[in-house]
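Asks: Structure of the sequence below:
(chains A and B)
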Protein chains: 2
Amino acid sequence: MKRILLTIEYDGTNYSGWQKQPCQKTIQGEIEGAIFRAIGKEVEIFGSGRTDAGVHALHQTAHFDLDLPVPTSKIPDILNNALPADIVIKGAEEVVPDFHARFSIKRKCYLYQIYNSQIKQAFLANRMAWVRKLLDVKRMKECAKILIGEHDFRGLCSANTCATDFVRKIFAINIKKDGEYLSVSVQGSGFLYNMVRIIVGTLVDYALEKITLNDVKDALKNGDRSKAGQTMPACGLYLQDTIY
Amino acid sequence: MKRILLTIEYDGTNYSGWQKQPCQKTIQGEIEGAIFRAIGKEVEIFGSGRTDAGVHALHQTAHFDLDLPVPTSKIPDILNNALPADIVIKGAEEVVPDFHARFSIKRKCYLYQIYNSQIKQAFLANRMAWVRKLLDVKRMKECAKILIGEHDFRGLCSANTCATDFVRKIFAINIKKDGEYLSVSVQGSGFLYNMVRIIVGTLVDYALEKITLNDVKDALKNGDRSKAGQTMPACGLYLQDTIY
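Replies: Predicted structure coming up:
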């Protein structure tokens, strides 16, 4: 028996998120199905965390236990042949038995992509959020400073969370603009439900002068969701890295 | 009454090609539907040519006649609001009444994109053809030289064409490789059914040493389709430009 850690890339457009659900096409469900078809074992895989419907991953990780003598180096090819083209196993490695894709994690990094242009781009429909009004990166950076650090983020997550502890630490928020392409990368100890999408929505709404820096401070201090910005659409969000 | 020329970009993944067909989602059908919903006119639009199911366009053109006082500059926004996000009207201009999107065309340019890598990329599933074996661009360029110029291309098109004249002129074939991304752009006077996909398949099969230069010459000289290369998948093909 060995514990295998998979590195996975997926376009989440056509899936109801990571987590297996009855009668739904999900990333976890597809990968478990591929393992069953390709290796003949019914296993459960444990992801570093869930991603929502339409959210993508450049680097998701998940572990499972395998009691067959399949060479670890062959696992990506074997599974990719059994997977749809929008889910790709980029790597597989053997890890120690007490390693856990979710509980061993130290940091997570998300990338949020915005196409900031007067006119839409057809090929970005499910890949980036489209914001028509010009976004001032300087203002976004100014707002980001308030969010960095350890805070109670109950004002910047969706109500339908089952979390009880809302304290999370944001290590860094990097905002880059290259022509019409704007990206926000957020590195943190962990994230609440919709937290990255609301963080980015807060930066965007501050840049668009829909909210003030005091609103953002209020959202953090008093946990008032109504003071923070919009929840950005799922399609712009990418799980970028999981750091153990 | 004015004649309007639209410039259109689309991700063809979710469509049964350009041409309107009963009970099928097509690009032409969607745009005519958007014109009806947004402007209230039932019109027929005339494209520069058809694209097949799954084929994309960076720059397709189509004209239609409008007898309402809608400002031409407002047409892109008006239609984009009524169109799905994977079809975008990039521009609209008034043209002379005897201009025809199809018959006035001088040259057409197609782009074919290949992801040439050991491992698939999830986000390119419907955007580029995946070729695993390393392609030698030098060999592709060598083969391309044979195809440039005026030839009878009956050996490099699909049998189910209704063309009677198979002579076409290829002005240029440009092949570029940037890391794992390989692109072939083909500029010609016009193209037969599947001709670009077979031209690129011929370059690829020669690079992979599946066919010889003499096979390619035979395909051209004797119109023998079996001597030319494979028909590359639709997902890598982009209508790149229409030149009037």
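Asks: Would you indicate which residues of the helix or strand hosting A:Lys108 are buried?
Replies: In the assignment (DSSP states H and E), A:Lys108 maps to strand A:107-116. For strand A:107-116, a neighbour-count test (16 or more other Cβ atoms under 10 Å in any protein chain shown) marks A:Lys108, A:Cys109, A:Tyr110, A:Leu111, A:Tyr112, A:Gln113, A:Ile114, A:Tyr115, A:Asn116 as buried. (Each C-beta comes from the backbone N, C-alpha and C, glycine too.)
Asks: got a list of contacts for that strand?
Replies: Strand A:107-116 is contacted from outside by A:48-49, A:58, A:121, A:124, A:127-132, A:134-135, A:171, A:177, A:180-191, A:196-197, A:200, A:204, A:232, A:236-243, using Cβ atoms under 8 Å, 6 or more residues apart in numbering or on different chains.
Asks: Quick check: the gap between A:Asn222 and chain B.
Replies: Distance, A:Asn222 to chain B, using Cβ to the nearest Cβ, to the nearest Å: 37 Å.
Asks: For the residue lying closest to that residue once chain neighbours are set aside, list the residues it contacts.
Replies: Spatial nearest neighbour of A:Asn222, excluding adjacent residues (Cβ to Cβ, 6 or more residues apart in numbering or on different chains): A:Gly155 at 6.8 Å. The neighbours of A:Gly155, taking Cβ under 8 Å, 6+ apart as the test, are A:Asp218, A:Ala219, A:Leu220, A:Asn222, A:Gly223, A:Asp224, A:Arg225, A:Lys227, A:Ala228.
Asks: could the residues you listed go into TSV alongside secondary structure and pLDDT?
Replies: Converted to TSV, the contacts of A:Gly155 look like this (DSSP: H, G, I helix; E, B strand; the rest coil; pLDDT from 0 to 100):
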residue	secondary structure	pLDDT
A:Asp218	helix	94
A:Ala219	helix	95
A:Leu220	helix	95
A:Asn222	helix	93
A:Gly223	coil	92
A:Asp224	coil	92
A:Arg225	helix	93
A:Lys227	helix	95
A:Ala228	coil	96
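Asks: Throw together a ChimeraX command that grabs the buried residues out of those residues.
Replies: Here is the ChimeraX command that selects only those of those that count as buried (16+ other Cβ under 10 Å):
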select /A:218,219,220,223,227,228
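Asks: Looking at the contacts of A:Gly155, which one is closest to chain B?
Replies: Of all the contacts of A:Gly155, A:Ala228 has the smallest distance to chain B: 26.1 Å, by Cβ to the nearest Cβ.
Asks: Please name the residues that touch the closest one.
Replies: The neighbourhood of A:Ala228, defined by Cβ under 8 Å, 6+ apart, consists of A:Gly155, A:Leu156, A:Ile198, A:Gly201, A:Thr202, A:Ile211, A:Asp215, A:Val216, A:Ala219.
Asks: quick one: it from B:Ala101, how far?
Replies: Distance of A:Ala228 to B:Ala101, given as Cβ to Cβ, to the nearest Å: 48 Å.
Asks: sec struct for the closest residue to A:Ala101 other than its chain neighbours, please.
Replies: Closest residue to A:Ala101 apart from its sequence neighbours, by Cβ to Cβ, 6+ apart: A:His63 at 4.3 Å. The three-state label given to A:His63 by DSSP: H, G, I helix; E, B strand; the rest coil is strand.
Asks: Test my guess that A:His63 contacts A:Phe99.
Replies: Yes - the criterion here is Cβ atoms under 8 Å, and A:His63 meets it with A:Phe99 at 6.6 Å.
Asks: Could you list the domains of chain A?
Replies: If you go by automatic domain parsing, the domain ranges for chain A are A:2-95, A:107-243.
Asks: any idea how far the longest one is from the chain center?
Replies: Domain A:107-243 sits 12 Å away from the centroid of its parent chain (Cα atoms, centre = their mean, to the nearest Å).
Asks: Which secondary structure state does A:Gly201 sit in?
Replies: helix.
Asks: Pull up the per-residue confidence for it.
Replies: Predicted confidence (pLDDT) at A:Gly201: the value is 98.
Asks: same check, this time on A:Ala163
Replies: For A:Ala163, pLDDT reads 78.
Asks: What of the one 10 residues further on?
Replies: The model reports A:Ile173 with a pLDDT of 98.
Asks: Let me see the contact set for it.
Replies: Counting by Cβ under 8 Å, 6+ apart, A:Ile173 makes contact with A:Ala144, A:Leu147, A:Ile148, A:Val184, A:Ser185, A:Val186, A:Gln187, A:Ile199, A:Leu203.
Asks: quick one, phi psi at the residue lying closest to the last one once chain neighbours are set aside?
Replies: Put plainly, it is A:Leu203. The shortest distance from A:Leu203 to any non-neighbouring residue, by Cβ to Cβ, 6+ apart, is to A:Met140 (4.3 Å). With angles defined as degrees, to the nearest 10, A:Met140 sits at phi -60, psi -40.
Asks: thinking again about what came up before, from the contacts of A:Ile173, which is closest to chain B?
Replies: For the contacts of A:Ile173, the nearest to chain B is A:Ser185 (17.1 Å; Cβ to the nearest Cβ).
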